[in-house]
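[1] please find the sequence and the predicted model below.
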Amino acid sequence: MGRRVVVTGIGLVTPLGNDLSTVWRSLAELRHGVRPIDSFECSHLPVRIAAHVKERADCSAFKSIQRDTPDFIRFALCAARDAVADAQCLDEMRREPTRAGVAVGVGMSSIPEILDASRLIESAPRGYRKVTPYFVPRVLPNLAAGHVAIEFGLQGPNHAASTACAAGAHAIGDSFRMVKYGDADIMLAGGSEAAINAVSIAGFTKIRALASSFNDAAMCGLASRPFDVKREGFVMGEGAGILVLEELDSAKARGARIYCELVGYGMSGDAYHITAPSPQGVGARQAMLAAMREGGVSCGDVGYVNAHATSTPLGDEIEGSAIAHVFYGSDEKKQAREQSGSPLYVSSTKGAVGHLLGAAGAVEAAFTCMALHTKQVPPTLNFEESDVVYPFEIVAGAARTVALRVALSNSFGFGGTNASLCMKHYESGTA
């Protein structure tokens, strides 16, 4: 059966802010983190907006940091520091460091580092001598996890998922299993990404993935519009999210505050296309059903789905159809939903923070934890009208107060990789 796993700490670095209370309040207040790009020259690019992290947190206290350490590592360290402080688990990790581990998903690593090294090599016959000896540690995707492990002395599992936009969710799901089956008692798990640069913007633009009609400051906040009929692509975001996953009895023994219980993890592959999801959303369905199956919950138990929905015309429609099939696809499922006494609520928080790529699944898992903890479903920013009629309710306009018991968080990535996390509201004394 395995052990029960709970979330006892949350750390965030996002375009809405770098602390949990500010970010959660901003979501409810319909704020967004999208603005014109000013960190590099982009006037020649068709997309000139992004969801940047607004405030760079102080990293001077981190012992493994160097002056030019890439932001994807810095973001992970800051989010991990705040998650550990939130969970108040530092003494616990230091007491048994071999029972504490880390998993941080990263999608794209540090492209500017690679470009800079290439220019140095090409600048002169022996230009390679100018390449920093820190080059490789700065571009390896697993070095975010490596730095976190060094910072906190974590000698348990040290893991990094690199599964595109599902990386953060996979890192959390893998960590959930590590705690559940005894490989660790505490895991710092999540994702980090800092891929807003000219090359990434150009690449995603070439595959028509980005919104390109909202480039001025007055309009940029309307660019990310999941499920809306006017959606045309996603807005690139950056940041990190780290959760503290802990074995329940250990958390209870030290009186930890528990946000929610993580009960299920589903994975699947589309085996269809390198960038497009399968037309019927079969992989998305399989991931959601697998997460619910492991969690021992039925379709009628789930009250909220934090959708991956990135604001692309194809992806949002296919995920919406997959959710509809999973929860309303038969008379039995429709009856279960009717018996639950409330509709299924769905929202995508990417309307506010953009698409954080490898960090998206982690930040959205944190939002799902908070929805269960506070009984507030965060709204979908910029959703006005759908081009498809769905049986579920897309939450928009304001946060919704709902007596949530179970929720899912979906994350899907290029290459047809899918992940779904199933979480439950935790009440002391529940079996």
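    Structure received. Numbering: from 1, shown residues only.

[2] and the worst-scoring helix or strand of the chain on mean pLDDT, what other elements does it pack with?
    Sorting the helices and strands of the chain by mean pLDDT, DSSP states H and E puts helix 331-340 at the bottom, at a mean of 90. Other elements packing on helix 331-340 under the criterion 3 or more Cβ pairs under 8 Å, 6 or more residues apart in numbering; DSSP states H and E are helix 313-328. Glycine gets a C-beta too; all of them are placed from N, C-alpha and C.

[3] taking helix 331-340 as reference, get the angle to the helix it packs on.
    Computed with axes from the mean of the first three to the mean of the last three Cα atoms, to 10 degrees, the direction of helix 313-328 lies at 80 degrees from that of helix 331-340.

[4] send me helix 313-328 as PDB with only the CA atoms.
    The C-alpha atoms that make up helix 313-328 are tabulated as PDB, following Å, rounded to 0.1, in the frame of the first residue of the first chain:
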ATOM      1  CA  PRO A 313      -5.900  26.800 -30.000                       C
ATOM      2  CA  LEU A 314      -5.200  23.100 -30.300                       C
ATOM      3  CA  GLY A 315      -4.000  22.200 -26.900                       C
ATOM      4  CA  ASP A 316      -6.700  23.800 -24.900                       C
ATOM      5  CA  GLU A 317      -9.500  22.200 -26.900                       C
ATOM      6  CA  ILE A 318      -8.000  18.700 -26.800                       C
ATOM      7  CA  GLU A 319      -7.400  18.900 -23.000                       C
ATOM      8  CA  GLY A 320     -10.900  20.200 -22.500                       C
ATOM      9  CA  SER A 321     -12.300  17.300 -24.500                       C
ATOM     10  CA  ALA A 322     -10.100  14.900 -22.500                       C
ATOM     11  CA  ILE A 323     -11.400  16.300 -19.100                       C
ATOM     12  CA  ALA A 324     -15.000  16.100 -20.400                       C
ATOM     13  CA  HIS A 325     -14.500  12.500 -21.400                       C
ATOM     14  CA  VAL A 326     -12.900  11.400 -18.100                       C
ATOM     15  CA  PHE A 327     -15.600  13.000 -15.900                       C
ATOM     16  CA  TYR A 328     -18.700  13.000 -18.100                       C
END
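
[5] which strands and helices lie in contact with that helix?
    Using 3+ Cβ pairs under 8 Å, 6+ apart, helix 313-328 is in contact with helix 282-295, helix 331-340, strand 406-413.

[6] what's the longest one packed up against?
    On a contact count with 3+ Cβ pairs under 8 Å, 6+ apart, helix 282-295 meets strand 260-269, helix 313-328, strand 406-413, strand 417-424.

[7] what angle do that helix and strand 417-424 make?
    Between the axes of helix 282-295 and strand 417-424, defined by the same axes, to 10 degrees, the angle is 30 degrees.

[8] how far is helix 282-295 from where the chain is centred?
    18 Å (Cα atoms, centre = their mean, to the nearest Å).

[9] buried residues of it, list them for me.
    Buried residues in helix 282-295, counted by 16 or more other Cβ atoms under 10 Å: 282-292, 294-295.

[10] over to the second one?
    Neighbour-count burial for helix 331-340 flags 333, 336-337, 340 (criterion: 16+ other Cβ under 10 Å).

[11] what about stretch 51-68, distance to the chain center?
    With Cα atoms, centre = their mean, you get 20 Å for stretch 51-68.

[12] no wait, stretch 257-265
    The answer for stretch 257-265 is 16 Å, by Cα atoms, centre = their mean.

[13] how many other residues sit next to Leu30?
    Counted with other Cβ atoms under 10 Å, residues neighbouring Leu30 total 18.

[14] am I right that it is in contact with Pro379?
    Yes: applying Cβ atoms under 8 Å as the test, Leu30 and Pro379 come out as touching, 6.6 Å apart.

[15] how about Glu96: what's its closest non-neighbour residue?
    Nearest residue to Glu96 in three dimensions, chain neighbours excluded: Asp185, at 7.1 Å (Cβ to Cβ, 6 or more residues apart in numbering).

[16] before we move on, back to that, can you check which residues contact both of Leu30 and Pro379?
    397-398 (Cβ atoms under 8 Å, 6 or more residues apart in numbering).

[17] over stretch 394-410, what's the mean pLDDT, rounded is fine.
    Stretch 394-410 carries an average pLDDT of 97.

[18] for Asn306, see how far away the residue nearest the centre of the chain is.
    In the chain, the centroid-proximal residue (Cα atoms, centre = their mean) is Gly361; its distance is 2.2 Å. As for Gly361, its distance to Asn306 is 10 Å (criterion: Cβ to Cβ, to the nearest Å).
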